[in-house]
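**Student:** structure, please.
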Amino acid sequence: MSVPAIDHRTKTYDPRHAYWMCRASELAYKDEATIEAQARSWGFDRVQHHHTTFTPPFPLQDTQAYTMSSDHMIVLAFRGTEPTNIKDWLSDITTPPWPGPGRKGFVHYGFGEALNSVYPQVKKALEASRTNGQTVWITGHSLGGALAMLAGAWLHFEEPNLLADGIITFGQPRACDRELAAACDKAFVKRTHRFVNNNDIVPHMPPEPAYTHTQLLRYIDSTGKLRDSMPLLGGLTDRAKGMTADPLAPGSDGIRDHFIFNYLEAMEKNAARS
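**Tutor:** The predicted structure follows:
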């Protein structure tokens, strides 16, 4: 059973739309020509690319994102990176925090630096593209998920005071402190959807209590089934199943579960069943 084409008029979360946001997140890893061709095939006739390159010693190479627009919908997708590239600096909490938007809490310094480098481009693209009151969806995988969450916060708590219709992330690391997370939970009621695939290690970094997540979690269990909640005991049991799923590499799924293609596979199956 295939998933229906993306509905440009949807205004609320559902598993099918989340699947398309996962595809948009995966597309962010591609080159510009591929992004533009795929966006057109999905019915988005305008695409803008956002790219900033950093210089050493900043641990990331660059920030990349794209905005695709139609007459009814705008999607902003941030490119992520793999856990082997970010796990070390995500564990480092010795750097000073970056002030949060609208003087609300703070964010991890690396995320603040990465978003700040491309935010003016993103803001300008959204203001130019939103000519018809289109819905706005922000998405990303891994690092891209953290930047998507923070971009939504900056757009809302500062100019242009835009409340995104949805912020949908996959394998997102912790991005901010409790104050900013609470402000986002209050402002984005039923608009933030954070997907975690079983034992994905990245959502557990950087360490608590300095950094945390927004509340709404959508959990993909060890069988690939999407759950709106997972009791503590059941969650521990399910994660244990995932850890032993590969007898040749026990415990390796902390990395394996993070890969975007595993999220995409699970999201497609759940969307087809919905």
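
**Student:** burial of the nearest residue to H213 once chain neighbours are set aside, as a residue count?
**Tutor:** Among residues not flanking H213 along the chain, R174 sits closest, at 5.6 Å (C-beta to C-beta, 6 or more residues apart in numbering). Where C-beta positions appear, they are placed from N, C-alpha and C, glycine not excepted. R174: 24 surrounding residues under other C-beta atoms under 10 Å.

**Student:** isn't R174 right up against Y211?
**Tutor:** Yes: with contact defined as C-beta atoms under 8 Å, R174 reaches Y211; the gap is 3.8 Å.

**Student:** now do the shared contacts for these two.
**Tutor:** H108 (C-beta atoms under 8 Å, 6 or more residues apart in numbering).

**Student:** rewinding a little: so what's the residue nearest to H213 up against?
**Tutor:** Per C-beta under 8 Å, 6+ apart, neighbours of R174: H108, A146, P203, H204, M205, P206, E208, Y211, T212, H213.

**Student:** make sure it is indeed in a helix.
**Tutor:** No: assignment of R174 by DSSP: H, G, I helix; E, B strand; the rest coil gives coil, placing it outside any helix.

**Student:** give me the distance between it and S25.
**Tutor:** R174 sits 18 Å away from S25, taking C-beta to C-beta, to the nearest Å as the criterion.

**Student:** please apply the same query to G171.
**Tutor:** G171 is 9 Å from S25, by C-beta to C-beta.

**Student:** hey, what's in contact with both of the two?
**Tutor:** G80, H141, G145, I260, Y263.

**Student:** L115 sits in which helix or strand?
**Tutor:** Using DSSP states H and E, L115 maps to helix 109-129.

**Student:** circling back to that earlier point, just the shared contacts of G171 and S25 now: which is nearest T192?
**Tutor:** G145 (10.7 Å; C-beta to C-beta).

**Student:** buried sites along the host helix or strand of that closest one?
**Tutor:** Per DSSP H and E: G145 is located in helix 143-157. In terms of neighbour count (16 or more other C-beta atoms under 10 Å), helix 143-157 has its buried residues at 143-157.

**Student:** same question, stretch 177-186
**Tutor:** By neighbour count on 16+ other C-beta under 10 Å, the buried set for stretch 177-186 is D177, L180, A181, A182, A183, C184.

**Student:** export these as JSON lines, with columns for pLDDT and distance to K104.
**Tutor:** Converted to JSON lines, these look like this (pLDDT from 0 to 100; distance: C-beta to C-beta, whole Å):
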{"residue": "D177", "pLDDT": "96", "distance to K104": "9"}
{"residue": "L180", "pLDDT": "98", "distance to K104": "5"}
{"residue": "A181", "pLDDT": "98", "distance to K104": "10"}
{"residue": "A182", "pLDDT": "98", "distance to K104": "9"}
{"residue": "A183", "pLDDT": "98", "distance to K104": "5"}
{"residue": "C184", "pLDDT": "98", "distance to K104": "8"}
